[in-house]
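# Sequence and predicted structure are below.
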Amino acid sequence: MSKEITARSEDYSQWYNDLVLKGGLADYSAVKGCMVIKPYGFGLWEGMRDVLDKKFKDTGHQNAYFPLFIPKSFLSKEAAHIEGFAKECAVVTHYRLKNDPNGGGVIVDPEAKLEEELIVRPTSETIIWNTYKSWIQSHRDLPLLINQWANVVRWEMRTRLFLRTAEFLWQEGHTAHATAQEAVAETRQMLDVYADFAENWMAMPVIKGVKTPNERFAGAVDTYCIEALMQDGKALQAGTSHFLGQNFAKAFDVQFTNKENKLEYVWATSWGVSTRLIGALVMAHSDDDGLILPPRIAPLQVVIVPIYKNEEQKARIDEKVNALVAELKQAGIRVKYDDADHARPGWKFAEYELKGVPVRIALGARDLENNVAEVARRDNKTKESLSLDGLTGAIQLLLEDIQQNMYNKAKTYRDEHITPVDTWEEFVATLDGKAGFVAAHWDGTPETEEAIKEKTKATIRCIPLNNPQSPGQCILTGKPSKERVLFARAY
RNA sequence: CGGGAUGUAGCGUAGUCCGGUCAUCGCGCCUGGUUUGGGACCAGGAGGUCGCAAGUUCGAAUCUUGCCAUCCCGACCA
């Protein structure tokens, strides 16, 4: 083994790092807290982006682009918003460099100080609502449904590849509506879009829910989320959708004239997912041999490896494979024929397993004689010989089966890790033991939530939508509770 | 931002305590050949400002100081 991967059981964090680095998804960079996304990792993001972008367009949204820089004064217009982000903002103070007169290279020119400092966007609500003010006058201008694909910067103290970096890529939708009901419906619709994407493309089951006030987005009335469970039993927020009420409309004075010719503040939403999804994907499915990517998102779905003893055999295999590749591509399958001569088949097998390619086809002289190919699937590491006749159809079915199997496996794990508990002892024991989500009663106060967090490091991940109402007693205070909420330790 | 650890060739490492032919070994890389059904073998070869910068010294990978980056644990967060 030339590329050792740390076992999950040995060191989960190191396992994750190994997969990301050795799987070729990303590299560390020369800049603290920032990462380089390598082509294979970016390919994953492109796949996610393409699917999501189509879903956004299909639900009536348009893409636009707003500035990277936000005047400092904008950020402070919404009190809760600045409160939430102030501690992690990068600030641009100067606009010019000059040669150090003392010969120390280049320095910031003290003459070139900005009159108003600029904040590198940690999110774009403020610059967007400042803009919307000039775009919205009448109810006929509504709804305004905009999305942007962008990078944002949050100066994080502790970073982890994909999961938390100072700069990350995301999309942020920002919509304006005439009524609260319409804005709430939009918030919920986009949450559904995210959940559908996570489950049907990423094969990652998620729980849709609403955040408690403690966990709410800075400036939102309600924050909805999708929560996923990683293999170490920690939860990960995979996407959020916020109902912003009229908070930003009021902060930026965005009013419209309604049908009755009266001025009203507009109602807002924002929603986003980020490159963090790549981290979620890695941790949800992969094993100690490497990545396991769901076919619908995998940059490469099928890899074909030739096995030959001489040029004559190679030529015959080439001929067969070239026809197969054409057919697979015709069927819309992302396929690569790896006939590089410098690596032997065994090396390639291990390499593509590390990279999580869902299906590997090996084709040798012996197979040609029998008119078969050896087809190996990455998700459960089984192999079988399939006839070369109709192989494309079989591969299509196999890819679908892998996608479904990965989802089922993740869902079984997730479902087995939602544990209802009724006492504090059980609660602590479950968190420390099997981990995962713990469904417990809570008295509904931020103080109790905070106390539980301090004692156990577990937070309320969400109150699931359509949560069954069942009276009980708060696990910490014993006060009455009308429903269970989901606790977990989280990324 | 606090605590701990690390940084020597693309990767992993020996050497650091006790300064002086010490820049070691494996993988990878290049050339040629033999190979090819689970990370091949032989022969030859290239590659390093020892994280960066000052300092101590006749002499620094090794000692001192500062800085940078990464990992782990905490506080904060998507």
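The structure has been received and is ready for your questions. Numbering: from 1, shown residues only, chains lettered A, B, ... in the order given.
# which residues of the stretch 51-200 of chain A fall in strands?
All strands of the stretch 51-200 of chain A, identified by DSSP state E, counting those that start in this stretch, fall at A:62-63, A:69-71, A:91-94, A:97-99, A:106-108, A:113-120, A:144-153, A:167-177.
# so can I have TSV of those showing mean pLDDT and distance to residue A:449?
To be clear about C-beta, it is placed using only N, CA and C from the backbone, and glycine gets the same treatment. Compiled in TSV, these are given as follows (pLDDT from 0 to 100; distance: least, CB to CB, whole Å):
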stretch	mean pLDDT	distance to residue A:449
strand A:62-63	98	37
strand A:69-71	94	31
strand A:91-94	88	32
strand A:97-99	81	48
strand A:106-108	78	44
strand A:113-120	91	30
strand A:144-153	96	27
strand A:167-177	96	27
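# Out of those strands, which one sits most buried?
Each of these was scored by mean neighbour count; the highest is strand A:167-177, a mean of 22, by mean count of other CB atoms under 10 Å.
# That one packs against which elements?
If you count contacts as 3 or more CB pairs under 8 Å, 6 or more residues apart in numbering; DSSP states H and E, strand A:167-177 packs onto helix A:39-58, helix A:125-135, strand A:144-153, helix A:180-200, strand A:267-274.
# Return the most buried member of these.
strand A:267-274 (a mean of 26).
# angle of that strand against helix A:125-135?
In terms of direction (axes from the mean of the first three to the mean of the last three CA atoms, to 10 degrees), strand A:267-274 departs from helix A:125-135 by 140 degrees.
# Strand A:267-274 close to RNA strand B?
Yes. Strand A:267-274 reaches RNA strand B (CB under 7 Å from any atom of the strand) through residue A:274.
# Strand partners (parallel or antiparallel) of that strand?
Using DSSP bridges, the strands paired with strand A:267-274 are strand A:167-177 (antiparallel), strand A:235-245 (antiparallel).
# Figure out which of the strands of the stretch 51-200 of chain A is closest to RNA strand B.
Each of the strands of the stretch 51-200 of chain A has some distance to RNA strand B by CB to the nearest atom of the strand; the shortest is strand A:167-177, at 4.0 Å.
# The closest one and RNA strand B, any residue contact?
Yes. Interface with RNA strand B: strand A:167-177 contributes residue A:168 (CB under 7 Å from any atom of the strand).
# spatially speaking, which residue is in the middle of chain A?
residue A:277 (1.7 Å; CA atoms, centre = their mean).
# and that one, what does it touch?
A:48, A:198, A:202, A:238-239 (CB atoms under 8 Å, 6 or more residues apart in numbering).
# Closest one of those residues to residue A:217?
Distance to residue A:217, by CB to CB, is smallest for residue A:239 among those, at 12.0 Å.
# and the residue in the stretch 201-350 of chain A that RNA strand B sits nearest to, what helix or strand is that in?
In the stretch 201-350 of chain A, the residue found nearest to RNA strand B is residue A:346; the distance is 2.6 Å by CB to the nearest atom of the strand. Element membership for residue A:346 (DSSP states H and E) is helix A:345-354.
# Not counting the worst-scoring helix or strand of chain A on mean pLDDT itself, show me its contacts.
Least confident element among the helices and strands of chain A, by mean pLDDT, DSSP states H and E: strand A:106-108 (a mean of 78). In this structure, residues lying in contact with strand A:106-108 by CB under 8 Å, 6+ apart are A:94, A:96-100.
# Now with 7 Å, please.
A:94, A:97-100 (CB atoms under 7 Å, 6 or more residues apart in numbering).
# Next: stretch A:9-20.
By CB under 7 Å, 6+ apart, the residues outside stretch A:9-20 that reach it are A:5-8, A:26, A:161-162, A:232, A:282-283, A:286, A:290-291.
# mind listing what's buried in it?
Across stretch A:9-20, burial judged by 16 or more other CB atoms under 10 Å covers A:12, A:15-20.
# Keep only those of the residues you listed that are in helices.
A:12, A:15-20 (DSSP state H).
# Please state the offset of the lengthiest helix in chain A from the chain centre?
Ranked by residue count under DSSP H, the longest helix found in chain A is helix A:391-416. Taking CA atoms, centre = their mean, to the nearest Å, one finds helix A:391-416 lying 20 Å from the centre of the chain it belongs to.
# and residue A:314, helix, strand or coil?
Assigned by DSSP: H, G, I helix; E, B strand; the rest coil, the conformation of residue A:314 is helix.
# ok, now which ones touch it?
Contacts of residue A:314 by CB under 7 Å, 6+ apart are A:306, A:308.
# Walk me through the domains of chain A.
For chain A, the structural domains run A:12-93+A:123-285, A:302-396, A:418-488, going by automatic domain parsing.
# just so I know, which of those domains lies nearest residue A:402?
Among the domains of chain A, domain A:302-396 sits nearest to residue A:402 (CB to CB), with 5.0 Å.
# Can you give me the first-to-last residue distance of the closest one?
With CA to CA, to the nearest Å applied, domain A:302-396 spans 10 Å between its terminal residues.
# What of stretch A:462-480?
19 Å.
# Keeping just the C-alphas, turn the helix or strand that the helix holding residue A:346 is followed by into CSV.
Reading on from helix A:345-354 to the C-terminus, the next helix or strand found by DSSP H and E is strand A:359-364. Provided in CSV are the C-alpha atoms of strand A:359-364 (Å, rounded to 0.1, in the frame of the first residue of the first chain):
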residue,chain,number,x,y,z
VAL,A,359,-18.1,0.9,-10.8
ARG,A,360,-14.9,-0.6,-12.1
ILE,A,361,-14.8,-2.8,-15.2
ALA,A,362,-11.8,-5.0,-15.7
LEU,A,363,-11.3,-6.5,-19.1
GLY,A,364,-8.7,-9.1,-20.0
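# Run through the neighbouring helices and strands of strand A:359-364.
Contact here means 3 or more CB pairs under 7 Å, 6 or more residues apart in numbering; DSSP states H and E; on that basis strand A:359-364 packs against strand A:302-307, helix A:311-330, helix A:345-354, strand A:372-377, helix A:391-416.
# 10 Å instead, please
Contacts defined by 3 or more CB pairs under 10 Å, 6 or more residues apart in numbering; DSSP states H and E place strand A:359-364 against strand A:302-307, helix A:311-330, strand A:335-337, helix A:345-354, strand A:372-377, strand A:383-387, helix A:391-416.
# which of those sits most buried?
Burial of those is given as mean neighbour count (mean count of other CB under 10 Å); strand A:302-307 ranks first at a mean of 24.
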